[in-house]
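Asks: would you be able to build a 3D model of this:
(one chain, ligands or ions: 1)
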Amino acid sequence: MEHEDLTVRRGRRSGLPVIIAVHSRALGPAVGGVRLRRYSSWRDGVDDALRLSEAMTAKCAAAGLAFGGGKSVIALDEDTPLTPSLRQAALDDLGELIAAHDGSYLAGPDVGTGPADMLVLRQHSPHVFCLPEENGGTGTSSIPTAVGVLAALRAGVRHVFGADSVARLTVVISGLGSVGSLIAQGLPGARVVVSDVDSSRRDPAYEWVSPAEALRTPADIFVPAAVGGVFSPETVANVQARLVVGPANNQLTAYLVAGLLAERGVTWIPDFVASAGGVIYTLGREVEHLTHEEAMARVEGIGSTVDSLLGSARTPLDAAMDLVRERLTRPRADLASR
Ligand SMILES: NC(=O)c1ccc[n+]([C@@H]2O[C@H](COP(=O)([O-])OP(=O)(O)OC[C@H]3O[C@@H](n4cnc5c(N)ncnc54)[C@H](O)[C@@H]3O)[C@@H](O)[C@H]2O)c1
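Replies: So this is what the prediction gives:
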C-alpha cells in the first residue's frame, strides 16, 4: 500500500462502514472531502477512498498547496434508506474519527455531502471546512471549482484552437449539476450542448443529448462534469472533441488512457489540475485567511499551470505528474503556507 494510513470502522451509532484514507502528508496535513454514497460492498468504498485520496495528493501538489491527500467515505449499502437520523449518526461516527486524526486530516464536502453536514462534523473537530457562510465558512466550493475549470478551458482553447475565446466553438457538458451548470453559463458565444442522467436538469437555454450520446456528439470541447471513469481503452475511440477538460475526479480508468487520447489528437487536461479551484479557494480563505479576491486570483492561476503543461513536449498528464513529483520533494517553504 502506498498510503500512509487507512482507518476503517463500523460506526458505533450508525452501524455503517466509516473510512478515512490518508495518502500522503509529505507537504502538510491531508485534505479531502467526505463522500457519502451507496456501494455494492464496503470494500468498494475503501477502494474509492484509496483512489480519491491519492488523487488529492496530486491535486494539492500540482496546485502548489502545502497539503497532502486524504478522503473520507461513508459507505451505504444498496438497500438501507438514508433517513435523517441515520445520516446524523453516520456523520457523528465520522466526526469522532476525524477528531482522532487530531489535525493530520482535514475534511470538507464531496459527493453526497454539503456545508450543512460539515456543521455536524465541526461539533466533533475543528479540522472541518466549507461550513455554511452564515456559520463563518465559505459554503459550497462549486463556484471556485467552475472558475478554475474555465481558466483551464481558456488555456486549452488558446493552445488547441489558437483562439482567445470560445465563441463559435461547440462545447458538450456531461453532467449539469452544481459545477456543470456554472461552466455552461461561462461560455459566451459558444454552442453549448448538455447531458445529464437526471432529465429534470434539462434547461431550455441549451441543446440536450442523452448521456449515452454525449461523448459521441461532434464537438470541439468535451467537459466531463458528472462521474469518473469516463475514458477507458474502450471509450477513447468515441471521443469527438479535440479538447477535454472538466471537474469530474479520476476521469481516466488507467494512466495509459492519457497516451491513447494523445494518439487520437485529443488534448486532455488532467482532472486534478483543472478541478483544484474549490480546494485552492477554501483553504486560501479558511486556513490562510486570504480575501475573496486574493483566493480567486490564486484559482485563476490554474490557467497559467495549464499553459505551462501544454507547452511541454510530453503529454499533459506526464508533464503534470513531473510537476507533482518535483513538488513532493521540494522544501515546503516554496508552497502556499498552511
Ligand atoms: N463541487 C466541487 O467543488 C467539485 C470539486 C472538484 C471536483 N468535483 C467533481 O466534479 C463533478 C461534478 O461535481 P458537482 O458538485 O457539480 O456534482 P453534482 O452532484 O452537483 O452534479 C453532478 C451531475 O451529474 C449528473 N450525472 C451523474 N451521472 C451521470 C452520467 N453518467 N452522465 C451524465 N450525467 C450524470 C447528476 O445527475 C448531476 O446532475 C463530480 O465528479 C465531483 O466529484 C466537484
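
Asks: phi and psi next, for the residue in the stretch 101-250 of the chain positioned nearest to the ligand.
Replies: Proximity of the stretch 101-250 of the chain to the ligand (Cβ to the nearest ligand atom) peaks at residue 177, 1.7 Å away. Using the backbone N, CA and C atoms, a C-beta is placed for each residue, glycine as well. Note on residue 177: its backbone torsions stand at phi -90, psi -150 [degrees, to the nearest 10].

Asks: kindly report the same for residue 65.
Replies: phi -100, psi 150.

Asks: and residue 19, by the same measure?
Replies: phi -130, psi 140.

Asks: and for it, the neighbour number?
Replies: Using other Cβ atoms under 10 Å, residue 19 has 25 neighbouring residues.

Asks: okay, and the beta partners of it?
Replies: Taking DSSP bridges as the rule, residue 19 bridges to residue 8, residue 73.

Asks: quick one on the thing from earlier: how close does the residue of the stretch 101-250 of the chain closest to the ligand get to residue 227?
Replies: Per Cβ to Cβ, to the nearest Å, residue 177 is found 10 Å from residue 227.

Asks: shouldn't residue 97 be within a strand?
Replies: No: Residue 97 is assigned helix when assessed by DSSP: H, G, I helix; E, B strand; the rest coil, not a strand.

Asks: from what I see, it and residue 9 are in contact.
Replies: Yes: between residue 97 and residue 9 there is a contact under Cβ atoms under 8 Å: 6.1 Å.

Asks: what average pLDDT does stretch 170-189 get?
Replies: On average, the pLDDT along stretch 170-189 is 97.

Asks: for that stretch, buried residues please.
Replies: Within stretch 170-189, the residues that count as buried by 16 or more other Cβ atoms under 10 Å are 170-176, 178-184, 186-187.

Asks: would you mind listing the two of these that lie farthest apart?
Replies: Between any two of those, the greatest separation by Cβ to Cβ is 23.0 Å, found for 170 and 178.

Asks: residue 97 and residue 9: which is more packed in?
Replies: Taking other Cβ under 10 Å, residue 97 and residue 9 do not tie; residue 97 has more neighbours (21 against 15).

Asks: how near is the residue of the stretch 101-250 of the chain closest to the ligand to residue 233?
Replies: Counting by Cβ to Cβ - residue 177 and residue 233 are separated by 27 Å.

Asks: how long is stretch 247-260 end to end?
Replies: 20 Å (Cα to Cα, to the nearest Å).

Asks: for it, give me every contacting residue.
Replies: For stretch 247-260, contacts defined as Cβ atoms under 8 Å, 6 or more residues apart in numbering pick out 51-52, 55, 145-146, 149, 175, 179-180, 183, 224-233, 236, 244, 268, 270-272, 274-275, 315-318.

Asks: go again using 6 Å as the cut-off
Replies: Here stretch 247-260 makes contact (Cβ atoms under 6 Å, 6 or more residues apart in numbering) with 55, 145, 149, 179, 224-226, 228-232, 236, 268, 271, 275, 315, 317.

Asks: the host helix or strand of residue 193 vs the ligand: in contact?
Replies: Here residue 193, judged by DSSP states H and E, is contained in strand 191-195. Yes: against the ligand, strand 191-195 shows contacts by Cβ under 6 Å from any ligand atom at residue 195.

Asks: mutual contacts of residue 97 and residue 9, please.
Replies: With Cβ under 6 Å, 6+ apart as the test, residue 97 and residue 9 both reach residue 18.

Asks: now stretch 122-138, how far from the centre of its chain.
Replies: How far stretch 122-138 lies from its chain's middle: 20 Å, per Cα atoms, centre = their mean, to the nearest Å.
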